[in-house]
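>>> Sequence and predicted model, in that order:
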Amino acid sequence: MRIEALERGFLVVSVVLLVASLGGLLYAVSARGAHLPGHVALVDPALLAQTPPFDQPGVRQTGPDTYEAVVIARTWAFSPSEIRVPAGAEVTFLITSGDVIHGFFVEGTRINVMVIPGQVTRVIYRFKQTGEHLLICHEYCGIGHHTMGGKVVVQ
Ligand code: CUA
């Protein structure tokens, strides 16, 4: 009898956890706008130098309050490695890889995406305060992986 009661208890706890997790997921997606960074476009990694916008990596203003940061990840550096954006503006990062899979993680933000050769990764972010954020590749990409980084300077 005692064991059956314990089993029933574990069963109830399992179901409650499942329902709570599903509820949390639905809440994040519907109320908080959480989503996976979908792939935006396909590019030929061998032709980035001729493919807009990757023929001109860097930050440019696209509207009164919007900026675009075009970044190429290659073993073992980001181009550009220093990204300067104004505080408060909406920044759309467009990132791709020229070779293997890299990561793009900006410390202290929710910018945390994979950079896949042949695909364009897009992530939109608004930096509220001025300061510097470390930018790192967090996807193992070879012997120089630990040296692959840069910074985002919010002005
Ligand atoms: Cu690029 Cu690790």
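Structure received. Numbering: from 1, shown residues only.

>>> sec struct for residue 7, please.
Secondary structure for residue 7, judged by DSSP: H, G, I helix; E, B strand; the rest coil, is helix.

>>> Could you tell me how many residues sit around residue 47?
A count of nearby residues for residue 47, using other Cβ atoms under 10 Å, gives 11. In short, each C-beta sits where N, CA and C put it, glycine included.

>>> how about it, phi and psi?
Reported as degrees, to the nearest 10, the phi and psi values for residue 47 are phi -120, psi 30.

>>> Residues of this protein that sit close to the ligand?
Within the chain, the positions near the ligand by Cβ under 6 Å from any ligand atom are 73, 76, 102, 137, 139, 140, 141, 145, 148.

>>> ok, of the residues you listed, which come out buried?
When burial is judged by neighbour count using 16 or more other Cβ atoms under 10 Å, the buried members of these are 73, 76, 102, 137, 139, 141, 145, 148.

>>> got TSV for the residues you listed, with pLDDT and distance to residue 82 too?
What follows is these, written out as TSV (pLDDT from 0 to 100; distance: Cβ to Cβ, whole Å):
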residue	pLDDT	distance to residue 82
73	96	14
76	94	16
102	97	17
137	97	15
139	96	21
141	96	20
145	96	19
148	96	14
